[in-house]
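**Q** got a sequence here, can you model it:
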Amino acid sequence: MMQQKFGNYTVWNYIAFNYAGFACIAAIVFLTSTQPFYIKEVIGIEPKPGSNKDTKIGRIVGGLGFFDEIVSMSTAPILGAVNDILNSQGLAGARIIQSFSFIVIALALFGYALNRNLIPTMLILRGVFALGVTGCMSMVTVMLNQLSMSDFSFKKLWGKDDDEGEGEGEVLVLNAPRKNGKFAAIMGVATGIGAIFSVSTLVTLPVKFSEWSDMKSALAGSYIVVMVFALVSFAILFIFLYKPKVEPESIHHGHFLKEGIQFSKHSKEAQVAFVGAFVARSTTVATTLYIPLVVYNWYYNVGECKSKDNWAGKMTCYDGYIFSAILTGVAQTVALVSAPFWGYLGDSSRVGKYRTLALAGLFGVLGNFGVSLVTTITNYNPKTVWCFLGVSVIGLSQIGLIISSMSILSGIEDAQQIMGSLSGLYSFAGGLGIMIITLIGGLLADVWVLGPFFILGVFNVVLLMICLKRDGQVVYEEEEVRLVDEER
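**A** Down below sits the predicted model:
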């Protein structure tokens, strides 16, 4: 086995780890939230008021998301294996992949700014963006595992170091502690802040810039600003991300991914984490992609988006743009505030990770079916109290799914050598969920704009059943162990 030493984990390493999640989510939310408006203003395709059947934007958004996930699913396992290969050579694989991913994101954003009404070009740029996001997000679980295994404690944040007698602080930890929910929760807070920062600052840039130019130029300027943000993020992460000391080892590189797949076949923990990733990533996309589409569609249908060029005027799509940011912000705010609650539940001996994931799934069932079914029955209007409540419950579910599934995977024991490959498979599972919700959801949205949330509700029902079954198995296994101990 490759020996990985995760000692001397500093406060700056910890801040950089959380900043990576913040910056990546901010970029994702910006692109997905502005995409319907980018398609209309730059590509030149707009829906026809009062006719969902003739609307093409939902189909294009779904198709782009589908291609995005083709790229993500095909590269995530490879990037995970590359991480393990770099580690086997004594290099900090996660640090290298995560930081340089922001260079790729910056290139994609620069291309968006230069693009002029070309769908094929936008497709290529979306693929480049997907590659960068995959590299960043697939390494979060790897670095969470490193953090969980390290000598870091929250006492270091207050200038106290409890590594007495450790010499230079270099520690070899054989197994990751099971209680790492608090670390996953803080990462959840960081991603939530990233989403709120994006919808409140980055997503509103086009409207602000439109005061000095037309919307097409305003969108281009916005993409340039976010590109600079990505480049700054690269510099921060490359300098401050944790660099574990790994002894180089002679090993067949191609075996890492194969070992990760074999391990997953026999690990119930990994399997449940993968299902959790599937639903968690689907939920994230639904809130950032389909909420703006729902608002955009409603404003056109009620006749408040009649102007093609005047976005700054009263009662035009300016109002829809702002309201979609508000509604998305509500979901992300609820997610942010509730993150510590989910971390506490996951570390609780009475609840545990599986029941926490099941509870997140239950909230997903209630929120998504509430939005898609009850809102439809009571006349679809995103400005109703019920819609705000449903979106809030979805946000609550979203952060719970992310935290608990990440906590389950990163807490698996005896898998440090292949954690990159497991993380890649985790991202693959999440990508599969996104592919389905974007492709099928995008097609359904052109007929029933709330349809994607119904599909997401079904996903959560399946997750809930799997979690309850696994929790029952864990209780049974613990009872067997207790009986054997009593007999002894």
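**Q** quick one: the strands in the chain?
**A** 4-5, 245-246 (DSSP state E).
**Q** looking at these, which has the lowest confidence?
**A** Here the lowest mean pLDDT among those goes to strand 4-5, at a mean of 54.
**Q** any weak-confidence spans in the chain?
**A** For the chain, applying pLDDT under 70 flags the ranges 1-7, 44-58, 62, 117-119, 157-179, 246-254, 303-317, 375-379, 472-488.
**Q** show me where the stretch 201-350 of the chain has its helices.
**A** 205-209, 215-240, 255-266, 268-285, 291-301, 317-347 (DSSP state H, counting those that start in this stretch).
**Q** quick one: buried residues of the first one?
**A** What it means is helix 205-209. Applying a neighbour-count criterion of 16 or more other CB atoms under 10 Å, one finds 205, 206, 207, 209 buried in helix 205-209. (Each C-beta comes from the backbone N, C-alpha and C, glycine too.)
**Q** of these, closest to residue 425?
**A** residue 205 (35.8 Å; CB to CB).
**Q** sorry, back to before: and of the helices of the stretch 201-350 of the chain, who's closest to residue 101?
**A** So among the helices of the stretch 201-350 of the chain, helix 215-240 is nearest, using CB to CB, at 8.2 Å.
**Q** and the closest one with helix 317-347, angle?
**A** Counting by axes from the mean of the first three to the mean of the last three CA atoms, to 10 degrees, helix 215-240 lies at 30 degrees to helix 317-347.
**Q** report the distance from helix 215-240 to the chain centre.
**A** 19 Å (CA atoms, centre = their mean, to the nearest Å).
**Q** now for that helix, which elements pack on it?
**A** helix 11-38, helix 93-114, helix 205-209 (3 or more CB pairs under 8 Å, 6 or more residues apart in numbering; DSSP states H and E).
**Q** turn those into JSON lines, columns for distance to residue 388.
**A** Listed next are the helices and strands packed on helix 215-240 as JSON lines, based on distance: least, CB to CB, whole Å:
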{"stretch": "helix 11-38", "distance to residue 388": "18"}
{"stretch": "helix 93-114", "distance to residue 388": "31"}
{"stretch": "helix 205-209", "distance to residue 388": "22"}
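**Q** so which of these gets nearest residue 438?
**A** helix 11-38 (9.8 Å).
**Q** residue contacts, the closest residue to residue 183 other than its chain neighbours?
**A** The shortest distance from residue 183 to any non-neighbouring residue, by CB to CB, 6 or more residues apart in numbering, is to residue 147 (5.4 Å). Going by CB atoms under 8 Å, 6 or more residues apart in numbering, residue 147 touches 9, 14, 17, 180, 183, 242.
**Q** try residue 438
**A** Applying CB under 8 Å, 6+ apart, the residues near residue 438 are 61, 62, 64, 65, 66, 68, 69, 285, 289.
**Q** how close does the first one get to residue 294?
**A** According to CB to CB, to the nearest Å, residue 61 and residue 294 sit 12 Å apart.
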